[in-house]
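> Any chance you can model this:
(one chain, ligands or ions: 2)
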Amino acid sequence: MREPVPGASCNARRWRFTPFECQQCGECCSVIGQVLFISRDCGDGRYILTNRYTGEKTLVEVAPDQAALFGDRTTTERYPEACPFLRFRREDEKAFCAVHLTRPDMCRDFGCWRLLILKPDGSRAGRVMGRSHFCPDDADLARIWEDQVRDIEEPGDESWIRTVTSLLTLAGYIVRQ
Ligand code: SF4
Ligand code: SF4
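Ligands and ions are numbered 1, 2, ... in the order given. Modelled structure (predicted):
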């Protein structure tokens with residue numbers, strides 16, 4: 001959720017894919033409280049958010065349209081290790097950053113996958129992180145990955161992505177980068 005603006009781009013390799021689109025699942029912010037913590041309450045919805053390891057401090061401000069959601073502490077009770085500004089909306093469980101416009105650079109720079117694999121209805125079926133680490137959300141896709149994708153050897157990164165994309169597209173999935 002560190003780049004929760006639909007359509008925001010996080011990767012230069014766009015020659016074949018649509019831009020990165022955050023699904024607002026909140027996973028990326030749900031344990032980052034071990035790194036980011038509020039070191040000062042400056043009042044009026046402004047806080048100093050400090051990186052425990054780098055010492056970097058960011059003045060963040062709760063957006064007026066997020067104030068009510070920020071006041072709901074359910075998220076911090078459910079996810080005690082979450083960033084103090086992560087909130088899940090009750091109606092649909094979508095994640096929001098209460099300080100999205102002023103969030104730290106590390107959050108702006110974050111991209112959570114190399115490939116996002118969606119079912120035809122747009123729901124998430126799986127992600128590829130790092131070089132080729134596969135995280136499935138869908139049993140059918142997990143089987144296809146195991147049987148047809150896992151052992152694919154290609155000479156280069158783009159060639160591997162191209163091959164995997166066309167194979168999964170043929171299987172009915174939507175692949176995004
Ligand atoms: S893990 Fe990825 S999809 Fe989920 S909220 Fe974070 S950036 Fe968005
Ligand atoms: S500041 Fe916002 S984007 Fe960054 S970790 Fe916290 S909730 Fe996520």
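
> Name the next helix or strand downstream of the longest helix along the chain, please.
Longest helix in the chain, counting residues (DSSP state H): helix 157-170. Next helix or strand after helix 157-170 toward the C-terminus (DSSP states H and E): strand 174-176.

> I'd like to check what contacts whichever strand in the chain runs longest. Which residues are they?
Longest strand of the chain, by residue count under DSSP state E: strand 36-43. Residues outside strand 36-43 that contact it (C-beta atoms under 8 Å, 6 or more residues apart in numbering): 47, 48, 49, 50, 51, 52, 57, 59, 83, 84, 104. Where C-beta positions appear, they are placed from N, C-alpha and C, glycine not excepted.

> can you tell me how far residue 36 sits from residue 61?
15 Å (C-beta to C-beta, to the nearest Å).

> and those two? which has more neighbours close in?
Relative neighbour count places residue 36 above the other of residue 36 and residue 61, with 25 against 15, counting by other C-beta atoms under 10 Å.

> Spell out which residues of this structure are next to ligand 2.
1-2, 29, 32, 36, 83, 85-86, 97, 99, 103-104, 107 (C-beta under 6 Å from any ligand atom).

> Specify which member of those residues is nearest to ligand 1.
Among those, residue 1 lies closest to ligand 1 (C-beta to the nearest ligand atom), at 3.2 Å.

> can you give me the helices in this protein?
Ranges of helices within the chain are 67-71, 74-78, 105-108, 139-144, 157-170, based on DSSP H.

> List the contacts of the longest one.
Under the contact criterion C-beta under 8 Å, 6+ apart, helix 157-170 has outside partners 13, 16-17, 114-115, 117, 128, 132, 141, 144, 148-149, 152, 154, 175, 177.

> This completes my enquiry, with thanks.
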